[in-house]
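A.B. asks: the following block contains a protein sequence and its predicted model.
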Amino acid sequence: MSGTFVGMPAFPVAAHDAVRNETLRGNLRHATHTIRAKRAKAVAEVSDWAELREAGKRIKDHTLFHLDRYLVQLEEAVTAAGGTVHWAADADEANRIVVQLVKETGESEVVKVKSMATQEIGLNEALEEEGIRAYETDLAELIVQLGKDRPSHILVPAIHRNRGEIREIFTREMSEWGRPAPEGLTDTPAELAEAARLHLREKFLRAKVGVSGANFMIAETGTLVVVESEGNGRMCLTLPETLISVVGIEKILPTWRDLEVFLQTLPRSSTAERMNPYTSMWTGTTDEDGPQNFHLVLLDNGRTDTLADEVGRQALRCIRCSACLNVCPVYERAGGHAYGSVYPGPIGAILSPQLRGTASEIDASLPYASSLCGACYEVCPVAIDIPEVLVHLRERIVEGGQVTREGNKVILKPAKGHAAERAAMRAARWAFGRPGALRTGQRLASRTRRFHPRTLPGPGRAWSESRDLPTLPAEPFRDWWQRTQGGNTDKGAAK
Amino acid sequence: MRVALFLTCVNDTLYPDTGRAVVKLLTRLGVEVDFPMAQTCCGQAHYNTGYRHEAEPLARHFSDVFGEYEAIVTPSGSCGAMVRELYPRMGERARAEGRGDSLATTLAPVVPKTYELTEFLVDVLGVTDVGAYYPHTVTYHPTCHGLRSLGLGDRPRKLLQSVKGLELVELPGADECCGFGGTFALKNPDVSAAMGTDKVRNAESTGAEVLCAADNSCLMHIGGTMTRLGTGIRPVHIAEILASTEEEPAA
């Protein structure tokens, strides 16, 4: 994935600082709670939401099961409509293809529609290395790019910024990139939006090359679909002479009809809108209208490996709506950057360790970045059981086992750093297999309770630093039960 | 009716008062309660931390201990969800790993007859007024696995509303996780504590004397946060409220 995330510390380390950042906490609380409430309202209006959710799940599962067939069908349809299809096994290959395509146009700048796939492969950085400047045109991506920052949310990548911070970034940075921010810019949303509009307009009108991703690709017609709210996507998709779209292979849908489901569930889940504001669809090229050269780069980058995993493959159903981020209590407190990936939040915690593998510290820590509260699964419009996949990935980390990497079956060893935990789990399993042993332990704990400390040393500090320990009772329940014959002769608890 | 009390290892060891309350409550409602002494742990902590294979013998043991009873009642939403939601999944996974039907078949009988306490009261016994008396202001926190895995819905609230003397006040952000999450509390202590603090502040804002829930592990985390923050509010398991009567009021 993006080079900007390499070397990220494990989730708990990154989160340690984030939870203490009052500004960040305030920004995230306000933003996630607002969108959370709006989404709930927008979804409650739809009487057949449960059926739409089930339909979305089934369409995606069906497509993933027959992905080979649909991808070939898509390639044929796109080619027949005047486009050119390229296949990229990984990020490097995709970047090489895009760089080459831009170079062939002779241009040294591109305008970009907000796209997760190009973030995932670190395309902007790859273009930069070749002397090509990529301009982000989505408002929030612009804020992130100007602020030399990283995105922290799938849909609203600058969610960690408030209006005051945005005003400051615009005033300071816009002149470096093009049209400066207007004099005396305030932090009212309308003024900030107008500053961005003016700044971006000259780039739209000048650019000869547009780069996008896509929300959906229709196999039967070769049509690509981009769903956005600002109109910047429409500009990038229609004004340039050359359009290059980088799209993950799982974004395919068999037919136009299938869109009916997702164009209902996606807007309501992501922005709480009944209908999406700008839905752009294009099929290859059209003479004298829109881009005359269209290239589709189909990106694998770990998706086929993910598809090989029976439990984990459901993550590929994701339509990037962000509902799971907005409802996640962990995301709300830790912020998106702590996830060390362009895919933060619950979906990121199951997607990143599958796409990238679990070798790095950050990827091995992500499956644990959840209390398994299940709020993410509840809101997911394609019913991805995120807690189930999280637990599955925890198992992969502590037990190892067979996974698919770059198309090959490999056996993972259990991860390091879990030895003490593994020993504790085994010891607990041993004791729980013997009620007598459990009872001895309980009695010992109860009888020595006067000597128990209020706080714990070593690993136990993780508990007692912020929480008091429960006081032990004078006797465990099972002793009371036996002593009183099931409470029939109860003379009160032992003192 | 004769039921088995599946108390859970946490309640057995740390919260025997909850166990006594369940016995008192169910006995008052005419249910014969047995506590199979061989019970230990359902294996939830193992399973959710990634040690599914270590959890399997515990699940088999659970099935051995409870298999013969008509109904199994537990005062824990998350341990109830372990049996009802995750035991079938464990069986499926064993099958997918080519280990046959043995685990699935062994676990199948206990799945449909395991009830969380409030479910058992409302759905099986068909009562919402259990004749309880508890003259305190109470706010209710629906714990995640009870809320989302078991779908307890408004059962606990209905039971509490029927308690004489009890004033139920709404908890802001009630359906947000308290931050316990089993080993999550140790693996991500900062985020866990931040969630716990927000939960406690919300509970405090209601002016209630008591925060009630149907799961003591969550209450252990919330209660530990309450005393650390020096709040006046205290955690109480719903069974202890429902067991309390005018003749024998809870402390």
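C.D. replies: Structure received. Numbers count the residues shown, from 1 in each chain, chains lettered A, B, ... in the order given.
A.B. asks: which residue packs closest to A:L192, ignoring adjacent ones?
C.D. replies: Computed as Cβ to Cβ, 6 or more residues apart in numbering or on different chains, the closest residue to A:L192 that is not its neighbour in sequence is A:I166, at 5.7 Å. In this view, the C-beta of every residue, glycine as well, is placed from N, C-alpha and C.
A.B. asks: how close does the residue in the stretch 101-250 of chain A that chain B sits nearest to get to A:I159?
C.D. replies: Taking Cβ to the nearest Cβ, chain B has its nearest neighbour within the stretch 101-250 of chain A at A:S152, 15.2 Å off. Note on A:S152: its distance to A:I159, by Cβ to Cβ, to the nearest Å, is 6 Å.
A.B. asks: which neighbours do the two have in common?
C.D. replies: Common neighbours of A:S152 and A:I159 (criterion: Cβ atoms under 8 Å, 6 or more residues apart in numbering or on different chains): A:G336.
A.B. asks: figure out the helix or strand that the residue of the stretch 101-250 of chain A closest to chain B lives in.
C.D. replies: If you go by DSSP states H and E, A:S152 is not part of any helix or strand.
A.B. asks: quick check: phi and psi on the residue positioned nearest the centre of chain B?
C.D. replies: Residue closest to the mean C-alpha point of chain B, counted by Cα atoms, centre = their mean, is B:S76 at 1.5 Å. Main-chain torsions, B:S76, degrees, to the nearest 10: phi -150, psi 120.
A.B. asks: surely it meets B:M220?
C.D. replies: No - look at B:S76 against B:M220 with Cβ atoms under 8 Å: they stay out of range, at 11.6 Å.
A.B. asks: okay, and the common contacts of these two?
C.D. replies: Common contacts of B:S76 and B:M220, defined by Cβ under 8 Å, 6+ apart, comprise B:V10.
A.B. asks: circling back: give me the neighbour count for the residue of the stretch 101-250 of chain A closest to chain B.
C.D. replies: Number of residues near A:S152 (other Cβ atoms under 10 Å in any protein chain shown) recorded here: 27.
A.B. asks: which non-adjacent residue is nearest it?
C.D. replies: Among residues not flanking A:S152 along the chain, A:G336 sits closest, at 2.8 Å (Cβ to Cβ, 6+ apart).
A.B. asks: same question, A:V85
C.D. replies: Excluding its sequence neighbours, the residue lying closest to A:V85 (Cβ to Cβ, 6+ apart) is A:E75, at 4.5 Å.
A.B. asks: what is the burial count for that neighbour?
C.D. replies: Considering only other Cβ under 10 Å, A:E75 is surrounded by 19 other residues.
A.B. asks: mind checking the SS state of it?
C.D. replies: Secondary structure, DSSP: H, G, I helix; E, B strand; the rest coil: A:E75 is helix.
A.B. asks: how far away is it from A:T255?
C.D. replies: With Cβ to Cβ as the criterion, A:E75 and A:T255 are 16 Å apart.
A.B. asks: mind giving me the domain ranges of chain A?
C.D. replies: Chain A breaks down into these domains under automatic domain parsing: A:11-303, A:419-483.
A.B. asks: out of these, which is the most enclosed?
C.D. replies: Most buried of these by mean neighbour count (mean count of other Cβ atoms under 10 Å in any protein chain shown) is domain A:11-303; its value is a mean of 19.
A.B. asks: which residues outside the one helix or strand B:R95 maps to are in contact with it?
C.D. replies: Element membership for B:R95, per DSSP H and E: helix B:87-96. Identification of contacts with helix B:87-96 by Cβ under 8 Å, 6+ apart yields A:310, A:388, B:47, B:52, B:55-56, B:59, B:100-108, B:110-111.
A.B. asks: among the residues you listed, which ones are buried?
C.D. replies: Those of the contacts of helix B:87-96 that meet the buried threshold are A:E388, B:Y47, B:R52, B:A55, B:E56, B:A59, B:L103, B:A104, B:T106, B:L107, B:V110, B:V111, by 16 or more other Cβ atoms under 10 Å in any protein chain shown.
A.B. asks: hmm, B:L86 and the second one touching each other?
C.D. replies: Yes - B:Y47 sits in contact with B:L86 when judged by Cβ under 8 Å, with a separation of 5.9 Å.
A.B. asks: B:V236 in helix, strand or coil?
C.D. replies: Per three-state DSSP, B:V236 ends up strand.
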